[in-house]
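*Asks:* From the sequence below, what's the structure:
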Amino acid sequence: MKKNRATFRTIWCTVLLLLLAAGPVKAEVKAINPSKIQDIKKLLELIRLEEVVMLTAETALERFFPILKEATAQNNQAVSETVFAIVKTSTLSLVKRQISAEGGLMDRVVPLYDKHYTQGEVQKLIEFYETPLGKKVSALRPQIAKESMVVAEEWINFLKPLLVQALARSLEKEGYVIVKKPSK
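*Replies:* Alright, predicted model coming up:
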């Protein structure tokens, strides 16, 4: 039982560290017109920020769990699917609550939009996202984000050997031998 508690604590600490590491650095806070804040939050709802963030968090957890399972297996620790399900559910629940909580993601993103858009521009974006095309863009955003993650991962896997070759050639050109070639 102690082994399972230690494993559970290790999992939680790892997930927490991942979430904290991925979080933004707190931006300088300046007073923003309350009506502009309302407009920006409306825009964030229209562009489905919460849905995209939740999808990203879920995808990150799904990619992280196999690594964690492998690591715990190497330490001869048995971690059941139930424990991983609990960690996933708890983590996603916390992330979802913190998106719109005071000081949460929405409150941290509003200053970014305030910095880059005037209130008039935000209102025009809202108008766009309320049109049929805007609604379609918004509706497809989570699916496109999910598919883009797969495409990006495939592209990175495609680039890995090319990058290794290019780096090896560049380094060899400069007199560095990184990868020893087998003798014939």
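*Asks:* so what's the most centrally placed residue in the chain scoring on pLDDT?
*Replies:* The centroid of the chain falls nearest to residue 56 when counting by C-alpha atoms, centre = their mean (4.7 Å). pLDDT, residue 56: 87.
*Asks:* again with the one 10 residues further on
*Replies:* With respect to pLDDT, residue 66 scores 75.
*Asks:* buried residues in the helix or strand hosting residue 107?
*Replies:* Using DSSP states H and E, the element containing residue 107 is helix 105-116. By neighbour count on 16 or more other C-beta atoms under 10 Å, the buried set for helix 105-116 is 105-106, 108-111, 113-114. In short, each C-beta sits where N, CA and C put it, glycine included.
*Asks:* Tell me, how many residues neighbour residue 60?
*Replies:* Look at residue 60: counted by other C-beta atoms under 10 Å, it has 17 neighbours.
*Asks:* The helix or strand encompassing residue 82 vs helix 105-116, what angle?
*Replies:* Element membership for residue 82, per DSSP H and E: helix 81-100. Calculated by axes from the mean of the first three to the mean of the last three C-alpha atoms, to 10 degrees, helix 81-100 forms an angle of 40 degrees with helix 105-116.
*Asks:* Alpha carbons of helix 81-100, as PDB, please.
*Replies:* C-alpha atoms of helix 81-100 as PDB (Å, rounded to 0.1, in the frame of the first residue of the first chain):
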ATOM      1  CA  GLU A  81      -5.100   1.800 -15.300                       C
ATOM      2  CA  THR A  82      -7.400   2.900 -12.500                       C
ATOM      3  CA  VAL A  83      -4.800   5.100 -11.000                       C
ATOM      4  CA  PHE A  84      -4.000   6.700 -14.400                       C
ATOM      5  CA  ALA A  85      -7.700   7.200 -15.000                       C
ATOM      6  CA  ILE A  86      -8.000   9.000 -11.600                       C
ATOM      7  CA  VAL A  87      -5.000  11.200 -12.400                       C
ATOM      8  CA  LYS A  88      -6.400  12.000 -15.800                       C
ATOM      9  CA  THR A  89      -9.900  12.800 -14.600                       C
ATOM     10  CA  SER A  90      -8.600  14.900 -11.600                       C
ATOM     11  CA  THR A  91      -6.100  16.800 -13.800                       C
ATOM     12  CA  LEU A  92      -8.600  17.600 -16.500                       C
ATOM     13  CA  SER A  93     -11.200  18.600 -13.900                       C
ATOM     14  CA  LEU A  94      -8.700  21.000 -12.300                       C
ATOM     15  CA  VAL A  95      -7.600  22.500 -15.600                       C
ATOM     16  CA  LYS A  96     -11.300  23.000 -16.700                       C
ATOM     17  CA  ARG A  97     -12.100  24.800 -13.400                       C
ATOM     18  CA  GLN A  98      -9.000  26.900 -13.600                       C
ATOM     19  CA  ILE A  99      -9.600  28.200 -17.100                       C
ATOM     20  CA  SER A 100     -12.400  30.600 -16.000                       C
END
